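Undergrad: Starting from these lines, generate the structure:
(chains A and B)
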Amino acid sequence: MATISATDRQAEPVVKLRHPGRWVTYAIGVVLAAMLVNTLLTNEKYGWNIVGHYIVSGEILSGLGKTIELTVIAMAMGIGLGVLVAVMRLSDNPPAKGFASLYVWFFRGTPVFVQLLFWGYASALYPRLGLGIPFGPEFVTADTNSLITPFAAAILGLGLNEGAYMAEIVRAGILSVDRGQTEAAEALGMSRLRTLRRIVLPQAMRVIIPPTGNQVITMLKTTSLVSVLAFPELLYSAQLIYSTNFQTIPLLITASLWYLLMTSVLNVGQHFLERRFSRSDRAGSRRAAAESRIRSALQQRSEG
Amino acid sequence: MTIVNKHTSSAPAGSATQTGTEIPMVKASNVCKSFGHVEVLKGINLEVRRGEVMTLLGPSGSGKSTFLRLINHLETLSAGRLYVDGSLVGYSERNGRLHELTPSAVQQQRAEIGMVFQRFNLFAHMTALQNVMEAPIGVRRENREVVRKRALELLDRVGLSDKASSYPGALSGGQQQRVAIARALAMQPKLMLFDEPTSALDPELVGEVLDVMKDLARSGMTMVVVTHEIGFAREVADHAVFIDEGVVVESGSPAQVLTDPQHPRTKAFLGKVL
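TA: Below you'll find the model as predicted:
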C-alpha cells in the first residue's frame, strides 16, 4: 500500500535541475550558424547558381553512375576475395595460409592511392602481357594498355585493396563463432567446407555485416582517388568541367553534395542493418528462454 | 598398472549374444595422449561391449573427456590403438604401419558415432527440427521427407515434439541437451558418446536429460558416458571405470567400483562427490 509506483512518482511535483550550460551552448550554436549562413549567401565565389546548373548536368550524372558502378563492382570483388582469403588464412594448408597472410600484409600495408597508380602504370612495368609456359612458348599476348584500361585498373586497385580489409572482417566473424559449433558439426561427420557454409558463415554474418556496411561507405568515397587514372567517375567529371571553365569551387561543391547525399542514404541503410544485427539472437533468445523457464516452472507447480 | 576387465554378468536387453569372439564396440589398447609436454592419458586399456553402458568417472583433468574425444577422432592419439567396431579410428594399418585416413574417411567414421557435449552445441541459427535434420540430409544425402519424419519421431521420443520450431536460444538447458541427443540419434549411430551431458545444467533440469539417457540405454544403445552423476552410473551403467591422472585406476561393475572401491584414490574421489 505504501509502495510508490512509477505513476505516483510522476504525479508528485519535483523541482527539475537547471542546465544553464545548455543555454550557453545553444547561444554559441546560433551565432556560429548565423555566421555560416551569412558567408554561404554573401560570398559569391561559392557560385551557387553554377552549382545549381551543373548538379543535374549530363556529365556529372554520368560520373555519378560510374562512381556507383565502381563501388558496387569493387565491393563485390572485395567481399568475394575477403571470404576466400579469410578461409585460406584459417585453413591448415600452410602455403594457402602463408599466401593469404602475405596478401593481407601487402595490400593493407601500402596506400590504396599508390596501388591505383601502379595499376595505372602497369604498362611501364610490363608493356605486353602474355599467357604461356614459363621460359617456354607463349600462347596469347596482348598490349597491356588495351587489357588494363583505366576502368580495369580502378577495379583491380580498389577490389584487391578491399579484399584485404574484407578478409580481416570475415576472419573476425568466423572466429567469433563458438568453437563448439564446429566441433558439433565435425562430430556429426560434416565436411569442413559444409561446416563452414552451413554452420559457421551464417552465424558469422552477425559480426561481418555491420562493418561491411561501413566499408561500402568508405569505398564510395575512395572511388574519388580513381580520378588520378583519368577515369570519368564523379570527381574526375567535375574536374574535367572546371579545367575548361575554371569554376573550381562550385564544381567541387557539386561533387561533394552528391557524395554527401549518397553516404547519407547508405548511412540510413547502415543504421537499419546495425539495428537488425545488434538485436542479437542472444538478447532475444535470453528473454525467450527466461519466459519458457517461467512457464515450465509454473506448470510444474500446478502439477505438483 | 594393468587392468583386468572384469565383465559383469548383467548383459543389457537387446544386446548381441555374448560370445568369446565378439568384436567389442570400442577397444582401447595402451591409448596415450599428450598435449605438448603434458601427458594426459598414459596408456588406457579398456573394452566397451555391444549394448553396454560404460561410465567414465574421475576428477576433472583426469583425461576422461580427452579419451572420449579420441573415440571419434576429435583429438588425435599420441600412441596406442583405438578401435571402434573392429576398425582403427583415424588410421588404417597396412604392413604394420599406420596411415592417416583421408578427411572423408574420418567423416564417415564420425557419422556412425553420436556425440553429446557438455555445452550442448546446438546450431544456434537453426530450429530444433533443423538441428536434427541437418546431418542426415547434408552428410548422408537422405531423402528430406524421410529425415523429417524420423526427426519428428526423435523429438517426440525426447519429449520435445512441441518445440520442433523453437530456436536453441528459446529452450532451457535441459531441452537443448535433449535436442542435442535427438540430433546425434538422427544419424542412427552404433555408439553414443556423452561428455558430461548434465554438468552445465541447472540442478532441476538434470533429471529430464538423465531420463532420456536411461531410456536410450534400455533400448540397447552402446553408450560411453563421462559423468559426475554417481546415481546414474549406479542405476544404468553396466560397467564403471575410474580414471585418474591418465590411467585407469579401477574398473568393474558399478556396484563394485562405486560401492566397494578397492583403490584409495577411488575411495577419496567418491568420498568427495557422494
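Undergrad: need the contact list for residue B:129.
TA: By C-beta atoms under 8 Å, 6 or more residues apart in numbering or on different chains, residue B:129 lies in contact with B:148, B:151-152, B:155, B:164-165. Heads up, the C-betas are built off the backbone N, CA and C, glycines and all.
Undergrad: Mark which of those are buried, thanks.
TA: Buried members of the contacts of residue B:129, counted by 16 or more other C-beta atoms under 10 Å in any protein chain shown: B:148, B:151-152, B:155, B:164.
Undergrad: Please tabulate those in JSON lines and include pLDDT, distance to residue A:74 and secondary structure as additional columns.
TA: Output for those, formatted as JSON lines (pLDDT from 0 to 100; distance: C-beta to C-beta, whole Å; DSSP: H, G, I helix; E, B strand; the rest coil):
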{"residue": "B:148", "pLDDT": "97", "distance to residue A:74": "43", "secondary structure": "helix"}
{"residue": "B:151", "pLDDT": "97", "distance to residue A:74": "44", "secondary structure": "helix"}
{"residue": "B:152", "pLDDT": "97", "distance to residue A:74": "47", "secondary structure": "helix"}
{"residue": "B:155", "pLDDT": "97", "distance to residue A:74": "47", "secondary structure": "helix"}
{"residue": "B:164", "pLDDT": "96", "distance to residue A:74": "44", "secondary structure": "coil"}
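Undergrad: Using CSV, please lay out those residues together with distance to residue B:227.
TA: CSV is the format used below for the buried ones among the contacts of residue B:129 (distance: C-beta to C-beta, whole Å):
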residue, distance to residue B:227
B:148, 32
B:151, 26
B:152, 29
B:155, 24
B:164, 28
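Undergrad: tell me the two of these that are most distant?
TA: Greatest spacing in the buried ones among the contacts of residue B:129, by C-beta to C-beta: B:148 and B:155 (10.6 Å).
Undergrad: Checking the residue of the stretch 51-200 of chain A found nearest chain B next. Helix, strand or coil?
TA: Nearest to chain B, among the residues of the stretch 51-200 of chain A, is residue A:189, at 3.0 Å (C-beta to the nearest C-beta). Of the three states, residue A:189 takes coil under DSSP: H, G, I helix; E, B strand; the rest coil.
Undergrad: Test my guess that it contacts residue B:107.
TA: Yes - Residue A:189 lies in contact with residue B:107 (C-beta atoms under 8 Å); the separation is 4.5 Å.
Undergrad: what residues are up against the spatially closest residue to residue B:40 that is not a sequence neighbour?
TA: Leaving aside its sequence neighbours, residue B:40 sits nearest to residue B:63 (C-beta to C-beta, 6 or more residues apart in numbering or on different chains; 4.5 Å). Taking C-beta under 8 Å, 6+ apart as the criterion, residue B:63 is in contact with B:33, B:40-41, B:44, B:243, B:245-246.
Undergrad: same thing with residue B:121?
TA: Contacts of residue B:121 (C-beta under 8 Å, 6+ apart): A:178, A:180-181, A:183-184, B:180.
Undergrad: Check residue B:207 too.
TA: By C-beta under 8 Å, 6+ apart, residue B:207 lies in contact with nothing.
Undergrad: ok but it is inside a helix, no?
TA: Yes - Residue B:207: assigned to a helix according to three-state DSSP.
Undergrad: remind me which residues of the stretch 1-150 of chain B are low pLDDT?
TA: Flagging of the stretch 1-150 of chain B using pLDDT under 70 yields the residue ranges B:1-21.
Undergrad: tell me the mean pLDDT over stretch B:249-260?
TA: The average of the pLDDT scores along stretch B:249-260 is 91.
Undergrad: end-to-end on it?
TA: Stretch B:249-260 stretches 14 Å from its first residue to its last (C-alpha to C-alpha, to the nearest Å).
Undergrad: For that stretch, buried residues please.
TA: For stretch B:249-260, the neighbour count (16+ other C-beta under 10 Å) marks B:249-254, B:256-258 as buried.
Undergrad: Would you mind listing what in the stretch 151-274 of chain B touches chain A?
TA: Counting by C-beta under 8 Å from any C-beta of the partner chain, the stretch 151-274 of chain B comes close to chain A at B:167-172, B:175, B:180, B:183-184, B:187.
Undergrad: could you pull out the strands for the stretch 1-150 of chain A?
TA: Here the stretch 1-150 of chain A has its strands, by DSSP state E, counting those that start in this stretch, at A:128-132, A:138-143.
Undergrad: Comparing these, which comes out most buried?
TA: Across the strands of the stretch 1-150 of chain A, the average number of neighbours (mean count of other C-beta atoms under 10 Å in any protein chain shown) peaks for strand A:128-132, which reaches a mean of 12.
Undergrad: what angle sits between that strand and strand A:138-143?
TA: 160 degrees (axes from the mean of the first three to the mean of the last three C-alpha atoms, to 10 degrees).
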